[in-house]
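K.L.:
Quick one: sequence plus predicted model below, questions after.
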Amino acid sequence: MSEIKSINAISPVVEVKNLWKVFPKRQRSKGKKTLNIDVHDEVTISQMEKDGKVVVAVRDVSFEIYPGEIFIVMGLSGSGKSTLIRCLMRLIEVTAGTIKINDLDITSLSKKELVKHRRYQAAMVFQHYGLLPHKTVLDNVAFGLKLRGEPKEERYRKANAAIERVGLKGWENYYPAALSGGMQQRVGIARALVMDAPVLLMDEPFSGLDPLISRQLQDELLRLQEEMKKSIMFVTHDLSEALRLGDRMAIMRRGSIVQIGTPDEIVSNPADDYVAAFVADERRTLEKTKLSLGNKLASTPASS
Amino acid sequence: MFPEHFTFHVAEQVNNFVDWLLNSYAPVFDAISTGILTMLLRINEILLMVPWWLYMIIVFVVLFTTTKKLIASLTLAILPLLIGAFELWALAMESLAVVLTAVIISLLIGIPMGILMAEINSFAVVIRPILDGMQTMPSFVYLIPAMMLFGLGKVPAVLATLIYSLPPVIRLTNMGLRHVPKNIEEAALAYGATKWQLLKEVRIPLAMPSILTGVNQTTMMALAMVVVASMIGARGLGQEVLLSINRIDIGRGFEAGLSVVVMAIVIDRVTQSIAKKWEPPQVRIIGKLLFKSFFL
Ligand SMILES: Nc1ncnc2c1ncn2[C@@H]1O[C@H](COP(=O)(O)OP(=O)(O)OP(=O)(O)O)[C@@H](O)[C@H]1O
Ligand SMILES: [Mg+2]
């Protein structure tokens, strides 16, 4: 009994509970109107949604990410994936719920603590790279360390190592503008790796790249993950990417998570039509391979 | 013409008010006055100390290293010879000293104000209409408050020039900061930048092309104003123009006018080329925005 308990007791690195993010609809009048709604009052919320007063970008979302796993968040455009990942960095304030990273509640951090969280606990990779155009590759990678206040020598040593790790040796003194999209994202990844944070947040990092390059970067991420064993939250809308990378995945629709599970579970047992539509292609190819495999098996003894 | 019982004057009240102001804050005005004057004289001294050919070399080197255009740089470097040939060199330096003093103070006030405008929305809301108003007013108008407080002479001339040339640098600093791409700011924040770090490491460097365009425009405005300000004692080339207008001496006026134009062209090119040099690679996006907001 106690043994089973200890196995179950691997505590999650990231623990999101009943997270809500409600945006006020962008109105003509400027100035942020702070939205005060009780998310437990379902009637009011759905009414306000219907009236077009608010957008519920994240709706009562709960999940955990365990040490060393790649957790995929998938969903159509506008389903709230970016909003969710931003909440984990508290780049936007959550409406309700808790986010714990290494047992620290992100939602209640003071400004100072929040800066510390961003500097040490989690690093982020963006879809549109978000590199600093006025800094060289080296300075871009060392940027987070500079913000942290690490001495110059130290941060350049670390940055050079990270640059080598993502295969950009020799490009240290170029500006991002001189690099292709794939290379820029490598810089983005190096910038995140160099922070050596336990949590890595990646918001569609490869979806702007052409398939071959994105494939290559997926492989590289897996290789890096082999060494690093970070806890990664990876947002994508590409199923094949999700299946290649994911240890577990969550499917989002209109702000809610409709299913969480391993890729296999989700492909073979979609929870509803939405998920089924998502994985339809994959199921078809799966059935085909099964079929052809069956045929092969059936035909092999006959031919021999 | 106009019904007599409707007329009234405020001239006396204004005069009284100014007198009161000058009396009660005499030390403040004195301090400002001596401060500006010392700075101005010092700059003028330095400008006159530098031999004429060194200016040409400086202009050439700056232009050539930034633009790499030999003929254009050479032409612009030689152009100031005209001023010397017209025997207007010392006067030109006098005007340049007023311009430089005014521009330096403008930047010291304007850039922080532009930053504040970009950071604090309510401040921007207050300042923007004032800037709009300032830019629609004819340059003469600025002579009045300067003269009211400081009388005639170089100090009010610098002050009028300074006020007139202030808006562009405030405006363009504010605009440059506001047009920094949001995704870049977000990335910096995600890596734990504080507000101050964000400003210093990301926003100001990315706004630099816009800020320097503001510096260029401010300088050009100051140069235009310095001619007008000679009416209240800026002396220099402006006074030469003014004198020839009064004496209907077209030839003399032409020489002085041409000298002002030469100065304007050279200063414009030099500041522009320095601005270009600062442009980080690929900030073309911001450049385009700048272009749009100017012409649309
Ligand atoms: N700042 C905001 N203000 C108002 N509404 C917003 C804001 N940000 C996002 N939204 C809305 O929240 C919803 C979810 O957006 P989000 O960007 O999280 O989707 P996404 O799943 O990342 O989509 P994509 O795949 O296109 O990136 C959308 O309907 C969007 O319009
Ligand atoms: Mg998104």
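P.N.:
Right, received. Where do you want to start? Numbers count the residues shown, from 1 in each chain, chains lettered A, B, ... in the order given. Ligands and ions are numbered 1, 2, ... in the order given.

K.L.:
Name all residues that make contact with the nearest residue in space to residue B:93 that is not next to it in sequence.
P.N.:
Distances taken as CB to CB, 6 or more residues apart in numbering or on different chains place residue B:47 nearest to residue B:93, at 4.4 Å, with adjacent residues excluded. For every residue, glycine as well, the C-beta is placed using N, CA and C. Residues in contact with residue B:47 (CB atoms under 8 Å, 6 or more residues apart in numbering or on different chains) are B:93, B:96-97, B:100.

K.L.:
Residue B:47 and ligand 1, how far apart?
P.N.:
53 Å (CB to the nearest ligand atom, to the nearest Å).

K.L.:
Quickly find the element holding that residue.
P.N.:
Element membership of residue B:47, judged by DSSP states H and E, is helix B:26-49.

K.L.:
Output that helix as PDB - backbone C-alpha positions only.
P.N.:
Extracted C-alpha coordinates of helix B:26-49, given in PDB (Å, rounded to 0.1, in the frame of the first residue of the first chain):
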ATOM      1  CA  ALA B  26      13.900  87.000 -10.000                       C
ATOM      2  CA  PRO B  27      16.500  84.500  -8.700                       C
ATOM      3  CA  VAL B  28      14.900  81.700 -10.900                       C
ATOM      4  CA  PHE B  29      15.000  83.800 -14.000                       C
ATOM      5  CA  ASP B  30      18.500  85.000 -13.300                       C
ATOM      6  CA  ALA B  31      19.700  81.400 -12.800                       C
ATOM      7  CA  ILE B  32      18.100  80.300 -16.000                       C
ATOM      8  CA  SER B  33      19.400  83.300 -17.800                       C
ATOM      9  CA  THR B  34      23.000  82.900 -16.700                       C
ATOM     10  CA  GLY B  35      22.900  79.100 -17.200                       C
ATOM     11  CA  ILE B  36      21.800  79.400 -20.800                       C
ATOM     12  CA  LEU B  37      24.200  82.300 -21.500                       C
ATOM     13  CA  THR B  38      27.200  80.500 -20.100                       C
ATOM     14  CA  MET B  39      26.400  77.400 -22.100                       C
ATOM     15  CA  LEU B  40      25.800  79.400 -25.200                       C
ATOM     16  CA  LEU B  41      29.100  81.400 -24.900                       C
ATOM     17  CA  ARG B  42      31.000  78.300 -24.200                       C
ATOM     18  CA  ILE B  43      29.600  76.500 -27.300                       C
ATOM     19  CA  ASN B  44      30.200  79.600 -29.400                       C
ATOM     20  CA  GLU B  45      33.800  79.700 -28.200                       C
ATOM     21  CA  ILE B  46      34.400  76.100 -29.100                       C
ATOM     22  CA  LEU B  47      32.800  76.500 -32.500                       C
ATOM     23  CA  LEU B  48      35.100  79.400 -33.300                       C
ATOM     24  CA  MET B  49      38.100  77.600 -32.000                       C
END
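
K.L.:
Going toward the C-terminus from it, what's the next helix or strand?
P.N.:
helix B:52-67.

K.L.:
Can you give me the buried ones in that next one?
P.N.:
Of the residues in helix B:52-67, B:55-56, B:59-60, B:62-64, B:66-67 count as buried by neighbour count, 16 or more other CB atoms under 10 Å in any protein chain shown.

K.L.:
Highest neighbour count among the contacts of residue B:47?
P.N.:
For the contacts of residue B:47, the largest number of neighbours (other CB atoms under 10 Å in any protein chain shown) sits with residue B:97, at 26 neighbours.

K.L.:
Tell me how far the spatially closest residue to residue A:195 that is not a sequence neighbour lies from residue A:250.
P.N.:
Once flanking residues are discounted, residue A:195 sits nearest to residue A:123: 4.2 Å by CB to CB, 6+ apart. Noted for residue A:123: a distance of 21 Å to residue A:250, by CB to CB, to the nearest Å.
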